[in-house]
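**Student:** Whatever this is, show me its structure:
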Amino acid sequence: MHISIFASIWCQNLWDELILKNEILIFEKTPSIFWLTEFKDIPNFNIFTYDTEDIFFEKENISYKEYFPKDIRNPKKILKNIKNYSSFLESIIFSDFLVIGWGGLFYDSELQTSTKNLDLWLWRIKKFKKYKKKIIFYGVSIDIKQEENKEKIKLIFSPAYKIFVRDEHSKKFLWEMWISSEIILDPVFFDNWKFFPDKNLLLWNFPSKWFDTKNLSSYDFTGKIVGLALRWWYFSKSREEENEIIKNILWFILSAWAREVLLLPHSFHKTDIQANDKIFLEQFVGEDIIIGWENIKKIYEIYKNKQIDICFCMRLHSIILCQVYKIPFITLSYAKKTDETIKKLQE
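**Tutor:** Numbering: from 1, shown residues only. Prediction:
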């Protein structure tokens with residue numbers, strides 16, 4: 001059994017890597033989730049990624065392959081793209097299932113990404129159809145605002161064997177085109193394979209735009225190690241104002257007799273500076289405020305080994321990892337995906 005997975009994966013991004021890890025484990029252990037019968041043998045996986053270095057999750061049955069196309073206008077990358085195209089076709093031909101997901105892969109336009117996103121997926125889908133392969137969409141979301149792109153979405157999703165989306169909006173969007181889908185839980189919830197939701201772990205939820213340190217006055221931080229998993233640009237439109245808000249949070253925690261603050265970068269993106277949490281968080285390092293980890297494996301171990309007593313979670317997968325590994329947390333929600341996850345945890 002051969003399965004190829006196409007996703008928006010950048011190495012050294014904890015979000016991407018943990019989803020991929022758990023997606024593979026779910027395929028191996030409970031293929032019924034994907035409406036598949038039990039595999040006679042453990043499947044072999046081809047993972048298409050934008051970065052084949054610094055791999056987070058490695059197993060004997062996994063091969064990582066670079067996407068085609070990549071920097072195709074660069075003359076120095078012609079031979080590499082030819083090689084990647086051959087690898088792409090070979091993977092399609094010899095795969096039993098082609099999996100597309102997880103994440104917000106289908107959109108009109110987005111900062112720092114290709115404006116030809118939908119056209120590229122249409123091109124891939126045509127190749128998949130040519131070789132009559134079963135296509136599974138897994139945990140994708142759709143953000144389409146331009147009317148002319150709805151037809152492209154219909155062409156992309158219509159050939160699917162099974163469609164799993166990650167939010168209600170995407171499900172309704174597809175249903176308007178008479179395409180059925182199911183909402184599926186984020187696979188990182190199964191990171192230790194036994195997920196039991198605990199409402200008591202969520203201490204409070206604050207919208208990041210309206211957060212005020214006065215809201216924290218009822219919490220006891222005495223002697224605690226406090227983690228902060230934050231993102232750029234989600235507290236305020238002004239960088240100066242955002243930095244001031246974060247400094248106030250840190251000052252409040254330490255003045256409330258916390259033992260230590262650990263800043264938790266979830267992304268160490270090599271080429272996109274604005275996606276690199278470490279660069280953003282380094283400016284706040286000081287006495288009893290620590291950030292010293294160079295890769296996501298170390299950050300992951302902090303959650304898994306419960307090296308923090310409480311966490312301020314802005315990152316979606318900080319929320320999920322705190323829930324999975326039973327760490328009390330306060331959420332600073334900034335988007336629909338964090339709102340929906342918090343809502344599920346409160347049900």
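**Student:** hey, let's count contacts and neighbours off CA atoms from now on
**Tutor:** Fine.
**Student:** what about the longest strand in the protein?
**Tutor:** Looking across the chain with DSSP state E, the single longest strand is strand 134-143.
**Student:** Residues in contact with it: which ones?
**Tutor:** Outside strand 134-143, the residues within contact range by Cα atoms under 8 Å, 6 or more residues apart in numbering are 34, 96-108, 128, 159-167, 169-170, 173, 183-186.
**Student:** can you pull the contacts of Lys162?
**Tutor:** Lys162 makes contact with Phe34, Ile135, Ile136, Phe137, Ser181 under the criterion Cα under 8 Å, 6+ apart.
**Student:** what does stretch 266-275 rub up against?
**Tutor:** 10-15, 229, 232, 276-280, 294-296, 299, 315.
**Student:** want to try a markdown table for the contacts of Lys162, with distance to Glu66, pLDDT and neighbour count as columns?
**Tutor:** Output for those, formatted as a markdown table (distance: Cα to Cα, whole Å; pLDDT from 0 to 100; neighbours: other Cα atoms under 10 Å):
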| residue | distance to Glu66 | pLDDT | neighbour count |
| --- | --- | --- | --- |
| Phe34 | 25 | 80 | 16 |
| Ile135 | 20 | 96 | 22 |
| Ile136 | 20 | 96 | 21 |
| Phe137 | 20 | 96 | 22 |
| Ser181 | 29 | 96 | 19 |
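**Student:** Including distance to Lys145, could the residues you listed go into JSON lines?
**Tutor:** Shown next, in JSON lines, are the contacts of Lys162 (distance: Cα to Cα, whole Å):
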{"residue": "Phe34", "distance to Lys145": "29"}
{"residue": "Ile135", "distance to Lys145": "25"}
{"residue": "Ile136", "distance to Lys145": "24"}
{"residue": "Phe137", "distance to Lys145": "21"}
{"residue": "Ser181", "distance to Lys145": "20"}
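**Student:** and the residues you listed, which two are the farthest apart?
**Tutor:** Pairwise distances across the contacts of Lys162 peak at 13.2 Å for Ile135 and Ser181 (criterion: Cα to Cα).
**Student:** hey, where'd the helices end up in the stretch 151-300 of the chain?
**Tutor:** Using DSSP state H, counting those that start in this stretch, the helices of the stretch 151-300 of the chain run over 168-175, 239-255, 277-281, 296-304.
**Student:** where in the stretch 101-250 of the chain is pLDDT low?
**Tutor:** The stretch 101-250 of the chain contains residues with pLDDT under 70 at 109-115, 237.
**Student:** Would you map the strands across it?
**Tutor:** Ranges of strands in the stretch 101-250 of the chain, per DSSP state E, counting those that start in this stretch, are 103-107, 134-143, 162-165, 182-183, 202-207, 225-229.
**Student:** hang on, the earlier thing: which one of the contacts of Lys162 sits closest to Asp198?
**Tutor:** Of all the contacts of Lys162, Phe34 has the smallest distance to Asp198: 26.4 Å, by Cα to Cα.
**Student:** so which of the strands of the stretch 101-250 of the chain gets nearest Lys59?
**Tutor:** strand 134-143 (21.1 Å).
**Student:** element containing His317?
**Tutor:** Element membership for His317 (DSSP states H and E) is helix 316-324.
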